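Undergrad: Fold the following and give me the result.
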Amino acid sequence: MITALFSRKFSAAHRLKNDDSVCSRIHGHNYSCIIYIEVMSLGEEMFVIPADTIKELVDKKYDHRLILEEDDPVVDALAHCGTDWFVLTDFSPTTENLAMHIADEVGKAVLEYGHRAIKVRVQLSETDTIMADVTGTHNWRKE
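TA: Next up is the predicted model:
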């Protein structure tokens, strides 16, 4: 087995629309993300996946964006400002859900890159005290 690790940092805002705490307000974090990708062997290029692919999946997607559920009323309220800075999700953008989503996206990308048996682990922290750790060999398939 070979494990590649990627460390990414990004700044993003979100809100938890169904939360009764201050997290229901739009607020931001400086996220830290460590991605572990385990494969059976290396491909012809001799690496697990290009680092640029991870940058596309994490940095370019989330950095300096507002992450909202697609049915959040805030989306309509802010749409007049343009939506190119939004990331709309079909899930509540909690740390746990974001970590699962990143793991799913990375898993699909690794399969598309040509690996078969993989395991992906994502550690995502939004603060020093709020973190999620998602590990799994998921049902990633080429569609």
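
Undergrad: Distance check, the residue lying farthest from the centre of the chain against residue 131.
TA: Computed with C-alpha atoms, centre = their mean, the maximum C-alpha offset from the centroid of the chain is found at residue 44, amounting to 26.9 Å. In this view, residue 44 and residue 131 are 36 Å apart by C-beta to C-beta, to the nearest Å. To be clear about C-beta, it is placed using only N, CA and C from the backbone, and glycine gets the same treatment.

Undergrad: what does residue 48 give?
TA: From residue 48 to residue 131 the distance is 24 Å (C-beta to C-beta).

Undergrad: can you check residue 73 too?
TA: 29 Å.

Undergrad: With neighbour numbers in mind, choose between those two.
TA: Taking neighbours as other C-beta atoms under 10 Å, residue 73 and residue 131 compare with residue 131 leading, 14 against 10.

Undergrad: wait, that one sits on residue 94?
TA: No. In this structure residue 131 lies outside contact range of residue 94 using C-beta atoms under 8 Å: 11.5 Å.

Undergrad: in what helix or strand does the closest residue to residue 96 other than its chain neighbours lie?
TA: Closest residue to residue 96 apart from its sequence neighbours, by C-beta to C-beta, 6 or more residues apart in numbering: residue 132 at 4.3 Å. In the assignment (DSSP states H and E), residue 132 maps to strand 131-136.

Undergrad: Can you tell me what sits against that strand?
TA: 94-96, 98-100, 103, 119-125 (C-beta atoms under 8 Å, 6 or more residues apart in numbering).

Undergrad: Helix, strand, or coil at the residue nearest to the spatial centre of the chain?
TA: Centroid-nearest residue in the chain, with C-alpha atoms, centre = their mean: residue 102, separated by 2.9 Å. At residue 102 the chain is in helix, as set by DSSP: H, G, I helix; E, B strand; the rest coil.

Undergrad: quick one: it and residue 54 touch, right?
TA: No. Counting by C-beta under 8 Å, residue 102 does not reach residue 54; the two are 9.6 Å apart.

Undergrad: So for the two, which residues contact both of them?
TA: residue 35.

Undergrad: Double-check residue 31 against residue 7; I have them as touching.
TA: No. Taking contacts as C-beta under 8 Å, residue 31 lies outside contact range of residue 7: 11.4 Å.
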